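[1] Mind folding the following:
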Amino acid sequence: MEERKILIVEDEEKIADTLKVGLVENGYAVEVAYNGNVGLKMFNNGNYNLVILDINLPGLNGYELCKMIRDKQPGMPIIMLTALGSLDDKIEGYDAGADDYLVKPFQFKELLMKIRVLLKHTMQQNLPVGNVLRAADLMMNVDTKEVKRGDTAINLTAKEFQLLEYLMRNKNKVVARSDIAINVWDIDFDTNTNVIDVYISYVRNKVDKKFEEKLIHTYVGMGYILKDK
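    Predicted coordinates for the structure are as follows:
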């Protein structure tokens, strides 16, 4: 689940800590810095997938920090949180390199939505492209919808095909159930549903059950991985 580590740089400790609790509850790994200088140091020493920045920070302000992050990692998703809500403030934030902007006070659900959209876009950019996917002796032709394990043809429903394609494009990487929900079902993750587990079981029965080497594995509390090593 490498796409789920977030750095929050926010000098209002109560806001920062509240955001951290909410994001952790939604499956993200979160670290917090309370000023711009510390935020830059943490970013340089960490491996983050998204940054949330306040603008009015002690030390480096949010605009300066955003530019430095963008210079180092041009593709890093950045969301700015601020009490400065004028159009000029927003333009300055976007000019500094922010991908999105939220004006305080805001609804936590809106922040979650923006995070999911940015991370989904980043993941799609990083996925391997191509019409024929392979993992071990498993082959999928995205154009013809043909799936084979060795010489054995495997018949999948449309949703099973989408699920297996997502696993194959992320092979050797643990994907969270929430990531599967967003990328395969295009819905927010509902902790009360077991639809993802049910479909994983369907795909396993077709891809793994009759074969000695198992490709799809469960990481309890984390998600699923399709291995070809």
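[2] For the closest residue in space to Gly62 that isn't next to it in sequence, give its distance to Ala98.
    Closest residue in space to Gly62, ignoring its immediate chain neighbours: Ile55 at 3.6 Å, by C-beta to C-beta, 6 or more residues apart in numbering. (Each C-beta comes from the backbone N, C-alpha and C, glycine too.) Here the criterion is C-beta to C-beta, to the nearest Å. By it, Ile55 lies 9 Å from Ala98.
[3] cool, and Asn45?
    Using C-beta to C-beta, Asn45 is found at 22 Å from Ala98.
[4] and Thr144, that's in a strand?
    No. Thr144: not assigned to a strand; according to DSSP: H, G, I helix; E, B strand; the rest coil it is coil.
[5] residue ranges of the helices in the chain, please?
    For the chain, the helices defined by DSSP state H cover 13-25, 36-45, 62-72, 87-96, 108-126, 158-169, 177-180, 195-207.
[6] which other residues reach the last one?
    Residues from elsewhere that reach helix 195-207, judged by C-beta atoms under 8 Å, 6 or more residues apart in numbering: 138, 147, 149, 154-157, 159-160, 163-164, 167, 177, 180-181, 185, 215-216, 218, 224.
[7] and with 6 Å instead?
    By C-beta atoms under 6 Å, 6 or more residues apart in numbering, the residues outside helix 195-207 that reach it are 154, 160, 163-164, 177, 180, 216, 224.
[8] Out of these, which is nearest to Arg70?
    Arg70 has its nearest neighbour among the contacts of helix 195-207 in Ile180, at 30.1 Å by C-beta to C-beta.
[9] Spatially nearest residue to that closest one (excluding sequence neighbours)?
    Closest to Ile180 by C-beta to C-beta, 6+ apart is Ile196, at 5.3 Å.
[10] any idea how far the one you found lies from Leu23?
    For Ile196, the distance to Leu23 - C-beta to C-beta - is 21 Å.
[11] One more: Asp88?
    Asp88 is 29 Å from Leu23, by C-beta to C-beta.
[12] neighbour count winner among those two?
    Leu23 (21 against 8; other C-beta atoms under 10 Å).
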